[in-house]
Each structure stands twice: as structure tokens, then as C-alpha cells.
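**Student:** Sequence and predicted model, in that order:
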Amino acid sequence: MKQRFRRRAATAIAVGAMILGAGATAAHADAPTEGLVAQYLFDRTTGAQVPNTAPDASLGAATVRNAQDADWTGDALTLRGGAKTSTGNWVELPDDLLAGETSGTVVAEVKASTAMLSTFHFLWNIGNESSATEYLFASLNCGSGRSPLVGLKTGGTERLVQSGSCGVTANQWVNVASTVGADGTGRLYIDGALAAEGSLGGTSAGVVDQSVNAIGRGPWPDPLFQGAISSFRVYDRALSAGEIAEVSATDGAVHEDELRAQAQRVLDGLALSDIETSGDIDLPTAGGKVVWTSSAPDLVAPDGAVNAPLQWEPSAEATLTATAAIRGISASASITVTVLPSDETTQDRAQRLAQRFVIPSVVASGAALPAAPDGLDVDVVSATDGLEVGDTIVSTAAEPVDGEIVVKATDAATGASVTRTFAVRVLPADGSAPLLAYDREPTTAAEANNADVALSMHLALGQGDAWTPLNENYGIFFAKTAQTPAPSGTTESILRSLRDPHLFHLEDGGFGVVATRTARGGGADGTQTGKILFARSDDLLSYEEVGLVDLGVTSGVREPAAVWDSAAQRYVVTWTSDAGVAMYTTFGDLADATTRGPVERGVVTATAGESSAEVEDYATGNAIAVSRNVADALQVRFGRTVNTGVSALPDTEIGAGDELAPGSLPQRAELSYSDGSTATRAIDWDADAIAGVDTATPGTYEVAGTIAQPTYPTPFADERADPSVFRYDLNGAQKFLMIATEDLNMNPIDPANGPHMPFRIADRIEDLSDEAIDAGRNTEVDLLRAGDVDAAGKVMTGCFWAPEFHVIDGTLSILFMPCYNGANGRPDMWTGRASIIQLQKDAQGNDLDPAVAASWSKAEPVLRADGSTLNPIQQISLDMTYFEDSGQSYYAWQMLGSIFIAEMDPADPTRLTSEPVRILAPEYAWDNTIAEGPNVHAHDGKLFLIYSGSTVGDTYTTGLATATAGEGVDLTDPAAWTKLNYPIQKSGEFNGAWQLGTGHGMWSHDEDDNLLYVFHARTDNGGLTGRDTFVRRVHWAADGMPVLDQEGDEEVAPAHRSVTATVTVTAAALDVATTVDFRCVAGRVVQTVTLANEGDAAVSATVTSPYGTKSVAKLAAGKASSMAFTTRAAAIPAGDVKVRLTDEAGGASEQEVAFAAASCR
């Protein structure tokens, strides 16, 4: 194939029929008027009043607050943005816009600045000044796990309906329509197209107080909206999709010239030029924004397919036209394509077609032979002994078979053929499992399936016709940031997601994944025009992202797939272009673009995916066969671990008359689990069963007990975030301490009840709960409150974040972050510094009462070795934790959105002794832009550092990094830590109820020394919307990983909760002294045994010697009896005499008396 390009400047402009002709002045067309209660057109050039132009309007004008004439453009109002309390402008709307209305529609034609697309804001708000009660709003924030949305808060509960991706470009006009139906359904439309739909849990009538309705300003302290607004409409009914499209078209007409210029810029970005070719053309589509037409589609099709003249025929020409349209307004550009005669031979053609037939390198016995592509006939020539190949590939062996399959591929058009030999590993049907890799259609964070989670690779194991999702249908492989996060932290712009994952076997026996990389949320990131994401894994438990693979096209890459072609020793990569054309190329090495072959067209059937699967919200995916070992390991890591048995308890033996105390019985039971792991749990023994053992009467008894499995209240403590529960020896008494961040309605900076540091202490963990406080078993006190001063005399006014208990150099300490007033005179989190307070001791070295605020030292910040602040860039440092390893003490904390570590000396806990080093930065959509709340636990030679990712709220997750423990590893070296690619704990159902935003966890221990995971989750418990404390026990899986979400019945199955111990009461030992001696008779040894009854009752005795057995029927108390055993030997070796004694009361005992060697020589 030959192809040459030459530049050509030929551009034509075409405008859709609904738009006025070029050069004409656009005017507002008519929008639907039924139910229109307010219409504000911002087409003024001066002033602050905008009239309501809705027909028969009863509501008054809108007022631009802080108006400036320079803000008016003639067709829009520029919104300057700024802090809510600044002089930035915003629009005040009349009260009661939708008062009492159970349905409504709000449509805004706006531009959003770059800052708004990554900042919390209210595009508009119907409600009042309070953020705690009720409001209806829309937002275009695409940062912090958000995407364009409509939201409703009623009764203190906020629900959001947000789109699956951003879909909005900064500084470009966009039509944003939000509807609320009478059934509570919310819908969001972007430029007239439905972008999101879901339940809002109520209607607009639930917003009773509509006294501060606004454009660009909300009830929260978010900044004012920055951008521009052209029109704003409110309807007292939910408009249909068709009506929404009409409004969008009406509003777009005002910006005809601007939209046309945007379309032209799309075309300019293609850098189009004339082409000479004899092969297919790769026509760029700018990510699907451009559509092509052809003047001669039989010669050059609109998708770039070329029907070249034969070798003896002349060249031919076609004109191809590219058209880009934005909201119905279009621009076009044309190029000339000169098609040269084809130079492909018959055999070349056969070779090209034959490479489209591939047998995967690993299949399960019974797998179908891939179908022959159109135009190709495929016949099986031969197969290795033990393999039967017809329509299916079958092996009868019990072990994998490595064999060859030879096929002949024939071009149906010419009869030319090619022979291909494939090396194939055939797994036994019983020794393998189908594995489905897929992504999901995003729904909501409330279902743990927002775009950050849905747009990743999920896995499901197959059995029969059913698929069982692993990891609770949560993602397992996530795309990393587009580049390594900068030292200042991860930014929203570099976060990435993925679509269309495809799993395949690598040549070396590992696994590969290819996918379409996207911007966070699913929007285009520019790479999908011609590149795919590639990652590899040895075991599907961890993943190495290799990077982007350039396929050599610009026409778009959708649904990429790959397969190892052992016949050619190359990888075949397939995809569909933006125009729907099936395409493929080959690589010798997917990590080396120089090994790429030519791009061809056609279907490779071996890479076909699964168009549908019975998996909730399934989007796209494919299935491969994996060995049973791989499937089992996946099940251990991502499946549920359930209790399958309890080991028999050891018997207990006591003497008659002894006391049977609970401590005499087995203290822990060993439990076995489905993954092969074990655990032990304490046993609560039944007091009545113990009392039922007659310890005065010898015999065997059964004592019943129950596996100790405390059920903690859920939530454990309301509005208590970042919790720390700590077992502590307080002057010789075991106590449990609890401390947390006050988070009333998710305002931990300056909560309505005043910033403070709540503290609880109890003898049992259960008595730290709200339930115990409500029952009067405990009280909560404050160790710090707003207004307290630190060691430097500065007034602490808020925050008191993330307090953690640690014992540092023998002193109970609390690491936390207070904050101080900012420029606005209110608590400002950015003034916060990681700080420490320590429990003081009395003159005798005993701890003072930790529940008394005065018992603690004044707060001091933790600083660098030179006394400077930890974070010179942003100042704030928080979430500090402490741990020790190999004799070295460390601090780890959050700053710059990442986890930092440094060495420290416990003798001076306010100073580091090494420079801070970043060991962990957020790299994925699931831990987006924040990694915080580290806490470390050592187990079986490993350090397990849990941390929290994503922003606080429903999307909060728990990540994990590990390092070698106890071997003197330099833990300040980032290479010492291995980060898991996916969360170790995430939102999900637990014991039948959803727990959202699980994170900021701490390792702890209970009364029975079981490991605990103490964390917070975001709930609406009690009508409050803050984060609440929860407590779970931890299980260690067979692969050494912690299981943080094992439910009650999984921890101890109901059938295994009751246990029984056997208790044997033995009679008291009988008091008989036994003496073994000998005498010589005629040169032979005669053994003598003497029994002396030193007890109070007669006994019977049976004496067994190596030389015979004799009995004494009754030996009275205080009496003795002797017996002789003839050995008939001149000498005897050493040995034992056994004596069994019984008395009339049923008592019995046995003795074993050793005797020395004897000789009569």
C-alpha cells in the first residue's frame, strides 16, 4: 500500500437548517411556554435588574448583586466568582420560585470557568441561607468525585443525580437542564441530551423555605460561580426530553458565531491534507466530533475504506468532506483523495486475510474453535495427540496439555491459501474456570458504582451459565494518573479512568489488559483517538501499568482487544474506529511501538467480547479460561471468606473435690474458613453448665459454651469521624479509650455545636458507644474546646482533627490537628498543624486521670528537625500517626494530599529527625487527589499501612500499602512500600445494611486480644449527615491479607457458635506406698513388692511385674502386704512395676514404680 499526503487549504462552512445564515444576527427563538413561571434573558448592557419575560408572569425581576456595567456583554452576564463573602456578583431570584410544586424544571445557558469544573459550587439554588435543611440545586463540578449533577436536600438528607462523565468544556456555552418529577425522579440534561437520571428521594415541594433563591450562589460557603449566564428559565412542571432539546436549541442560537467557531477549531485541529493512496485511509474524527462524507463512496467510503483500481487501471479521485457540528451549528472542510492502482498480489492478500484467524494460546477443554472471518475458509489439518479439534477443542487429560493445532486458511475469492501452526495450552474442564473481565455502567456513589468505580476492570468467575462478581462487583484494575503526581500533590486534571477492558493471556504465561483510557469520569482524555492502555499481571491480584500503546491511527479506538498469535509470534490488537470500522494491527512486543505492523481492516474473531452478561450494570467485557489455581487465588482475595468449621476442644481433667472454674476450660476455639485460613475466638462458658458438673463425683461431663462474638452498635458513635479506640494499661488497670473528630452534619472545621475534642473511657469497648452513654453507663468529656490555647499561647478555634492515641516513650499521647482563625476571623483548616498533647504523671510516676482536660500537656506542633513547619508549601499537616519498627520510631502523616514519613526520636516527639519523604500519592480515580489517615499494624513479618483515599463523604475508601517488618528496612525509602492497586475496604453492604464512605480506619484490639478495625462511614443516622464511628473485627485470609468486611455469620457461622468441652472428674489418688526390692535364692533373683496402705480406707491392688501379676483383694488402712516374683534368672535388667489401686468408693489410681537392675552372681 502506498500513501502520500500534501497540504491543501480548502474549507467550507455549513450551518444547520435550524440556524440563521452566516452573518445574520441571531435572536432568541420561542421556547416552550406552558408552565413557564420565570424567564430571565441576560441580554442587557447595563443595570442590575433583569425582568421576568415569561408570559403572564407573577414573579418579579431578578437582581444582580454587586453588579458592574462591565459585566454585561449584550447577550450574557459575566459572573466574576470569588469567595461567597467577597464583592463578586451573583443573581438573586424571587422567593418561592417552586413553592409547593411537586415537579419542576430549571434550565440555564451558561459558561463555566476552568476553576468551576474542579471546585464545589452551586450553579443555581432554590432554597434559603441554611445548608443544613433543604435546597434544590445544580452543579458543574467535575472534581472531587463529582460530575455535573442535580441535587435535592430535604429533611437534612442530600441526594444527588450526577452524570457518568464530565461532558462540559470550560469557557464554552453549555445548556444545563434539571427536572424533578412528581415521583421524585431527577434528570439532568446537557445540551439537550439526557446525562443522568435517578431518584432524588423527594420533590421540589420538600424545599419549603425558598427565601434565598439564587444563580451562582449557594447555602454552603462554596465560592460564587465564575463564568457567564445567558438565559435562565423555571417551569412548574417536568419538561419532556423533546421540550428540553427545544430549549437547548433556542438558547444555542444566541451564540451561533461562537459555536460555529468552536466547530471550525475542531476541524483546524485535524490538519487535513490531500492524500494519494492505494489502501484504506485512517480518517480522523476528533474523538467522534467529526463525520465524513464521500463524493464517490464506491471508491472511497465515508469510513475510509478504499476500493483501489486494479493494477492495469488508472488512478481515480474522490472528494471527502469532514463536518464538525456543535449544537446543530456546523463547519466543514474537504480534501481530495487520489486512489492509486493496487499492488497487492494474490498471495499477499491470502496472507493478510489469514492473520485474522487466531487460536488463543490458552483455552479450556470444550472451547469453541474461533469462527472463520468473512471471506476466509479455515480447515484443521492436524492436532497434537490427545487433542480433538473440530468445532471445539477437546482434551481428555486431567492435566493441562501443551500441543499444536495446524490449520489451512484459504481466501474464498482467489483460492490462495496459507498454513498456520498454533501452540495451544488446553486446560482440563475440571481444572479451569471461565473468568469475565468487564466495566460497568456508572450509577451512583450510594451504590458504590459512581464513575470512579464503574470505569475500571471488574472480574467475575463463571460456573455454568452464571457469573459471580468478585470484590462485590467493585473494580480491581484501575487506570493510573496520566503522569506521576507533582511534589505539590495530585491534581484533578491527571486522574484517569478506563472503559472497555479486555483481558488476555500473555506469551510468558502472565496476563495482559488493554482498555480505552479516559479522563476521570469517562470523558475523552485525548488518547482514545489512537492509543490504548496496556497493563500486565502475573496473577490478577496485582497489576503493572505499562502505559499507552500507539496503534498508529487517528480515527478513534473503541473496544480494544488483544490475543497472542503463536503462529506469527505476535500480538494481534483489534478495535473499532469512531466510524464503526473493525480494525487491527500486530506487535512483536506491546511495550515497544517499533514492533507494530501495518494497520488493517477486518474482524478477528478470537478477540470477540461478551456483548451481554448477567452482571448488574454490565457494560462491556470478555471472558477467558484460567487455571483452577488462578481462580482459587482470586476467590481467596476477592471472594467472601466464610466460617466452615470449629475444631474439637481439648478435654479438661480435674480431681474429685477440685473447683471447676471457667479459666480451667479451653479459652479459645479454633475456627476454619472457606479459603483455608484459621482464626481463634474466645469462648463464653455457660455458668449453669459449669455448675452442673458434680466435682465431688468422678465421671465425665459436658460443658456448653458460645463463641464470643460481641455485636457492636451501628453506628457505634454518631457524628464521630476519624475515630481512635485504644486499649491502655492505666496504672495497672486495663481501660479502653476513644477519641474522634466532631463531625456534626459533615462540618468538622466549625460545627454548629462548637469545635471540641470528645473523649470517652470505659472498662469495655461496648461502653464507649453512644448506646452506653444513652443508657447512663458512660459520659463523654472534652479534652479541648475552641478557645483553648496551645503551648505558644495561640488560640485554637476549630478542627481538632483526626486525634489518635499512641504510647510514645512510655507516655500516652494524642496526635491531632487543631486549626486557628483565618483571614475572615473564622476557623480555617489551612492553618492546621499536626500537633501532640501528652498525659502527665504524678510524683510517683502514675498517670493522671485522662478524662480530665488539665491532665494533658499543652498542644505543640510537630516540626522538622530545624524547627520549621512540616509543609512549607500549603502549611497544613494532618492525620499524623506513630509506629515503630526494628528499634526505629516513625511519624507518618498527610500533607500535599499524600502520605509522608520521617524518622523521629520518642524522647522529643515534637521534632522529626529526618527529612519528610513522600511514600504514597493518590494515583487512581478511587483514591483521587487525597491519600490521608495512615495507620500501621505489624503482622507476620509485614507492616500493613492503611490509608484513606477520595474526598470525605460517600466515596471515601481505604487503601493499603505494605512493607517488610522487623528486618531493619529503611521505611523512609518509597521503594520499601508496595501499594495495592485497588481499595482493601470500600463502600458496600455489611450485615444487610449499606455503609458508605468507609475510611480513616485505625487498627486496635478488644478485650480478647482480637484485632479490630475502627473507622468512620457517612450516614444519615438520626437525621444528621456527618460521619459516624463503626467497629469491626479483622480476619486474616489464607493469602496473608486482612479482611475488613467479614460479616457476623461469615466470622462465626450460626451452626458453629455453640461449642462443648468434655470435663473428666477423677477420683483422688489412693495413698499407697509401693517398694520394689529383690533377694537371692539359690543364685536366682526373686523380686519383692511391698504395698503399704497409708490412707484411711481399705484398697484392692493388682501388681503387674515383668515376671507376673498378683493381686491383693483387700489391704486395710494402715496395713502392708508383700509379694514375691520368681525370675528364674541370675540377673535382671532395670524395669517398671505397675500397680492399679481401687477403693470401695469407686476411686482408682495407677502407679508405675521403676526398679534397678539386680544380680545374684
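**Tutor:** Okay, I see it.
**Student:** Okay, now the unreliable bits of the stretch 1001-1150 of the chain?
**Tutor:** In the predicted model of the stretch 1001-1150 of the chain, no residue satisfies pLDDT under 70.
**Student:** what about 80?
**Tutor:** Applying pLDDT under 80 to the stretch 1001-1150 of the chain flags residues 1067-1069, 1145-1147.
**Student:** In it, mark out all the helices, start to finish.
**Tutor:** 1048-1051 (DSSP state H, counting those that start in this stretch).
**Student:** all strands of it, in order?
**Tutor:** 1011-1018, 1027-1033, 1035-1036, 1042-1043, 1058-1066, 1072-1081, 1084-1093, 1099-1105, 1108-1115, 1120-1126, 1131-1132, 1135-1143, 1148-1155 (DSSP state E, counting those that start in this stretch).
**Student:** looking at the protein, which helix or strand is least sure?
**Tutor:** strand 11-12 (a mean of 32; mean pLDDT, DSSP states H and E).
**Student:** Now distance to Gly530 and mean neighbour count too, for the strands of the stretch 1001-1150 of the chain, in JSON lines please.
**Tutor:** To be clear about C-beta, it is placed using only N, CA and C from the backbone, and glycine gets the same treatment. Converted to JSON lines, these look like this (distance: least, CB to CB, whole Å; neighbours: other CB atoms under 10 Å):
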{"stretch": "strand 1011-1018", "distance to Gly530": "41", "mean neighbour count": "24"}
{"stretch": "strand 1027-1033", "distance to Gly530": "44", "mean neighbour count": "26"}
{"stretch": "strand 1035-1036", "distance to Gly530": "46", "mean neighbour count": "20"}
{"stretch": "strand 1042-1043", "distance to Gly530": "42", "mean neighbour count": "22"}
{"stretch": "strand 1058-1066", "distance to Gly530": "64", "mean neighbour count": "17"}
{"stretch": "strand 1072-1081", "distance to Gly530": "96", "mean neighbour count": "16"}
{"stretch": "strand 1084-1093", "distance to Gly530": "100", "mean neighbour count": "19"}
{"stretch": "strand 1099-1105", "distance to Gly530": "93", "mean neighbour count": "20"}
{"stretch": "strand 1108-1115", "distance to Gly530": "97", "mean neighbour count": "13"}
{"stretch": "strand 1120-1126", "distance to Gly530": "101", "mean neighbour count": "16"}
{"stretch": "strand 1131-1132", "distance to Gly530": "98", "mean neighbour count": "16"}
{"stretch": "strand 1135-1143", "distance to Gly530": "89", "mean neighbour count": "17"}
{"stretch": "strand 1148-1155", "distance to Gly530": "88", "mean neighbour count": "15"}
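**Student:** Please dump these into TSV; it should also carry distance to Pro434 for every row.
**Tutor:** What follows is the strands of the stretch 1001-1150 of the chain, written out as TSV (distance: least, CB to CB, whole Å):
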stretch	distance to Pro434
strand 1011-1018	34
strand 1027-1033	33
strand 1035-1036	28
strand 1042-1043	25
strand 1058-1066	39
strand 1072-1081	73
strand 1084-1093	76
strand 1099-1105	67
strand 1108-1115	70
strand 1120-1126	76
strand 1131-1132	75
strand 1135-1143	65
strand 1148-1155	63
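**Student:** all helices for this protein, in order.
**Tutor:** 241-253, 256-268, 346-354, 451-454, 628-638, 687-691, 770-774, 1048-1051 (DSSP state H).
**Student:** would you turn the ones you listed into JSON lines with distance to Gly186 and mean neighbour count?
**Tutor:** Shown next, in JSON lines, are these (distance: least, CB to CB, whole Å; neighbours: other CB under 10 Å):
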{"stretch": "helix 241-253", "distance to Gly186": "13", "mean neighbour count": "20"}
{"stretch": "helix 256-268", "distance to Gly186": "28", "mean neighbour count": "18"}
{"stretch": "helix 346-354", "distance to Gly186": "52", "mean neighbour count": "17"}
{"stretch": "helix 451-454", "distance to Gly186": "17", "mean neighbour count": "28"}
{"stretch": "helix 628-638", "distance to Gly186": "33", "mean neighbour count": "18"}
{"stretch": "helix 687-691", "distance to Gly186": "57", "mean neighbour count": "13"}
{"stretch": "helix 770-774", "distance to Gly186": "33", "mean neighbour count": "17"}
{"stretch": "helix 1048-1051", "distance to Gly186": "36", "mean neighbour count": "17"}
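**Student:** Out of those helices, flag the one nearest Val603.
**Tutor:** With CB to CB, the closest approach to Val603 among the helices of the chain belongs to helix 346-354: 11.0 Å.
**Student:** Now do the closest one: which elements does it pack against?
**Tutor:** Counting contacts by 3 or more CB pairs under 8 Å, 6 or more residues apart in numbering; DSSP states H and E, helix 346-354 packs against strand 401-411, strand 417-427.
**Student:** The last one packs against which elements?
**Tutor:** It refers to strand 417-427. When contacts are defined as 3+ CB pairs under 8 Å, 6+ apart, strand 417-427 packs onto helix 346-354, strand 362-364, strand 392-395, strand 401-411, strand 618-627.
**Student:** Strands of the stretch 501-650 of the chain, residue ranges please.
**Tutor:** 511-519, 531-537, 544-550, 558-565, 570-576, 582-587, 600-601, 618-627, 643-646.
**Student:** send the alpha carbons of the first one over as CSV?
**Tutor:** The C-alpha coordinates for strand 511-519 follow below in CSV (Å, rounded to 0.1, in the frame of the first residue of the first chain):
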residue,chain,number,x,y,z
PHE,A,511,-2.0,-11.8,31.8
GLY,A,512,-2.5,-8.6,29.8
VAL,A,513,-5.2,-6.0,30.0
VAL,A,514,-5.9,-3.5,27.2
ALA,A,515,-8.5,-0.8,27.6
THR,A,516,-9.6,2.7,26.4
ARG,A,517,-8.2,5.2,28.8
THR,A,518,-10.5,8.2,29.6
ALA,A,519,-10.4,11.3,31.7
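**Student:** Flag the shaky bits of the protein, pLDDT-wise.
**Tutor:** 1-30, 132-133, 143-145, 155-157, 164-165, 951, 1067-1069, 1145-1147.
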